[in-house]
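In: need coordinates for the following:
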Amino acid sequence: MKKVTVLGVGYVGLVTAACLSDIGHQVTGVDIDKNRIENLKNGIIPIYEPGLEERVKKYFGKSLDFTIEVDKAITESEIVFIAVGTPSMPDGSVNLNYVKGAAETIGKAMNGYKVIVNKSTVPIGTGDMVANIIKKYYSGDFEVVSNPEFLREGTAVADFMNPDRIVIGNGEGKAREIISELYSPLPGERVLTNVKTAEMIKYASNSLLATEISFINSIANICEKVGANVVEVAKGMKLDKRIGKYAFLEAGVGYGGSCFPKDVKALVQIAKDNGIRFDILESTERTNEEQKKSLLPKIKKLLGENLSGKQITVWGVAFKAETDDVREAPALTVIQQLQENGAKVKIFDPVAKESAQKILPDIEFVDDIYESVNESECLVVVTEWKQFKEVDLARIKDLMNKPNVVDGRNLFEVGKMKEMGFNYLSVGR
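Out: All right, here's what the predicted structure looks like:
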């Protein structure tokens, strides 16, 4: 058992703390947000993530605790995770103020050898920066490890407990051994490398996945023009072992969330800072922004150019299913376009309503999926929630004023929708 402190109990930090508790370690989660800490102590989880609430409630008061007393937590730990926010700056670079603050706090509280673990997604060289800040306040022995997270929102707990790989970036043997022991209960291949390589692995992985999405969306746009089916194209591509069955080749309305947009921007900026043009990645970003706008022409194709006063229902605000995260969500672009065109918008999302209402206070949210389409002239599907695929389509059709559906996630079969009498447009089919 290791004694661990996690600085920052946001998305990454809270999942990390809960799951480390689950595999037998003594973990303290620390945050400067007093309200968040009190809520966690009372079993109120700030994010929606399957499996997270159960673990927090199961281990709190046993192998998991939460506090705002950061110095005490650090001094009592042998491993300290930095899992604070790393938001984007206007130029796409990463704001490291929270990481710098965490490093300073650690340096001032150090009372012996510890392993400092960068869990936040940070630019190459941040490990050195953290070490230098700590050295300003502490002259003893310590080591910094880069241990990037590969947690997908909606499956983060499962990803932590069953990782494809665990990247441990540190050139020295002692810290590497300690972190290897920390993760010993978990499966997955270990990638043992240096700090800077570990930092780059995270950016390179997310940027390639984002590129795959923009690539298949571009293929989808061609498919629509030439009469091909992008779903079948992607299926055929994935059978090539060099591409693989897990490739991110699901055409849709674009990617969003807290990782891909931020990490793509950051890697482009890192390249610029080092005198390198990253044209492919810049194109990935441009393509994605255009793809977010791609549903409006399809809506107008069904309803006409003038959308003023027309009732349109949007299914899904979260950037993907199984999360309440609406950051950079394609739905926000779609909704803004509809508002600018004078449409009356109703929204249904089974989980993200509360998160979305904070940034869409003037939009009508409906709590029942069938009520949401009542008297609607068009249904626009933007998030791939499982329950959307399981609806009674005949009932949906009866409730709508006009049976128009624009499917931004290809949830329904083209033939079936047309057979049922829907005017149906999807992506790349």
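
In: how much space between Tyr48 and Asn42?
Out: According to C-beta to C-beta, to the nearest Å, Tyr48 and Asn42 sit 17 Å apart. In short, each C-beta sits where N, CA and C put it, glycine included.

In: of the two, who's got more company?
Out: Neighbour totals were compared for Tyr48 and Asn42, and Tyr48 leads with 19 against 8 (other C-beta atoms under 10 Å).

In: quick check: what element follows the longest helix seen in the chain along the chain?
Out: Using DSSP state H, we find that the single longest helix of the chain is helix 195-226. Next helix or strand after helix 195-226 toward the C-terminus (DSSP states H and E): helix 230-238.

In: okay, the angle between that next one and helix 195-226?
Out: Going by axes from the mean of the first three to the mean of the last three C-alpha atoms, to 10 degrees, helix 230-238 is angled at 130 degrees with respect to helix 195-226.

In: in helix 230-238, what's buried?
Out: Buried residues in helix 230-238, counted by 16 or more other C-beta atoms under 10 Å: 230-231, 233-234, 237.

In: please apply the same query to stretch 176-195.
Out: For stretch 176-195, burial by neighbour count (16+ other C-beta under 10 Å) applies to 176, 178-179, 182-183, 190, 193, 195.

In: Three-state assignment for the nearest residue in space to Arg152 that is not next to it in sequence, please.
Out: Among residues not flanking Arg152 along the chain, Asp159 sits closest, at 5.6 Å (C-beta to C-beta, 6 or more residues apart in numbering). Using DSSP: H, G, I helix; E, B strand; the rest coil, the structure places Asp159 in helix.

In: before we move on, what about Gly29?
Out: strand.

In: please name the residues that touch it.
Out: Applying C-beta atoms under 8 Å, 6 or more residues apart in numbering to Gly29 gives the contacts 5-6, 9, 13-14, 17, 37, 40, 64-67.

In: residues in contact with the residue nearest to Ile396 when sequence neighbours are not counted?
Out: Leaving aside its chain neighbours, Ile396 sits nearest to Val373 (5.5 Å; criterion: C-beta to C-beta, 6+ apart). Shown in contact with Val373 (C-beta under 8 Å, 6+ apart): 313, 379, 396, 399-400.

In: among those residues, which lie within strands?
Out: If you go by DSSP state E, the contacts of Val373 have 313, 379 in strands.

In: with neighbour count and pLDDT added, can I get the contacts of Val373 in TSV?
Out: Listed next are those as TSV, based on neighbours: other C-beta atoms under 10 Å; pLDDT from 0 to 100:
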residue	neighbour count	pLDDT
Thr313	27	98
Leu379	26	98
Ile396	21	98
Leu399	18	98
Met400	20	98
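
In: doesn't Arg190 fall inside a strand?
Out: Yes. Assessed by three-state DSSP, Arg190 belongs to a strand.

In: contacting residues for it?
Out: 165-166, 168, 180, 183.

In: which pair in those residues spans the largest distance?
Out: Farthest pair in the contacts of Arg190 (C-beta to C-beta) is Arg165 and Ser180. Separation: 13.0 Å.

In: tell me where the stretch 301-429 of the chain has helices.
Out: Secondary structure of the stretch 301-429 of the chain (DSSP state H, counting those that start in this stretch): helices located at 330-340, 353-357, 386-389, 393-399, 414-419.

In: distance to Lys262 for those helices - can I get that in JSON lines?
Out: Formatted as JSON lines, those follow (distance: least, C-beta to C-beta, whole Å):
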{"stretch": "helix 330-340", "distance to Lys262": "15"}
{"stretch": "helix 353-357", "distance to Lys262": "17"}
{"stretch": "helix 386-389", "distance to Lys262": "27"}
{"stretch": "helix 393-399", "distance to Lys262": "36"}
{"stretch": "helix 414-419", "distance to Lys262": "34"}
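
In: any chance of TSV for the buried residues of helix 230-238, columns pLDDT?
Out: Below are these laid out as TSV (pLDDT from 0 to 100):
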residue	pLDDT
Val230	98
Val231	98
Val233	98
Ala234	98
Met237	98
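
In: neighbours of Val144, how many?
Out: 25.

In: pretty sure it sits in a strand.
Out: Yes. Using three-state DSSP, the assignment for Val144 is a strand.

In: what pLDDT does it get?
Out: Per-residue confidence at Val144 stands at 97 (pLDDT).

In: look up phi and psi at Ile116.
Out: The phi/psi pair for Ile116 (degrees, to the nearest 10) reads phi -100, psi 120.

In: what residues are bridge-paired with it?
Out: Using DSSP bridges, the bridge partners assigned to Ile116 are Val80, Val144.

In: just put the contacts of Val373 in TSV and tack on distance to Glu143.
Out: Output for the contacts of Val373, formatted as TSV (distance: C-beta to C-beta, whole Å):
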residue	distance to Glu143
Thr313	54
Leu379	55
Ile396	58
Leu399	61
Met400	61
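
In: in the stretch 1-150 of the chain, where is pLDDT below threshold?
Out: The model of the stretch 1-150 of the chain has no residue with pLDDT under 70.

In: ok, back up a step: out of the buried residues of stretch 176-195, which are inside helices?
Out: Cross-referencing the buried residues of stretch 176-195 against helices under DSSP H gives 176, 178-179, 182, 195.

In: mind picking the lowest-pLDDT entry from those?
Out: Arg176 (93).

In: how about the contacts made by that one?
Out: Applying C-beta under 8 Å, 6+ apart to Arg176 gives the contacts 145, 168, 170, 192.

In: can you give me the strands in the chain?
Out: Here the chain has its strands, by DSSP E, at 3-7, 26-30, 64-67, 79-82, 115-118, 143-146, 165-169, 189-193, 311-315, 344-348, 364-365, 378-381, 404-407, 423-425.
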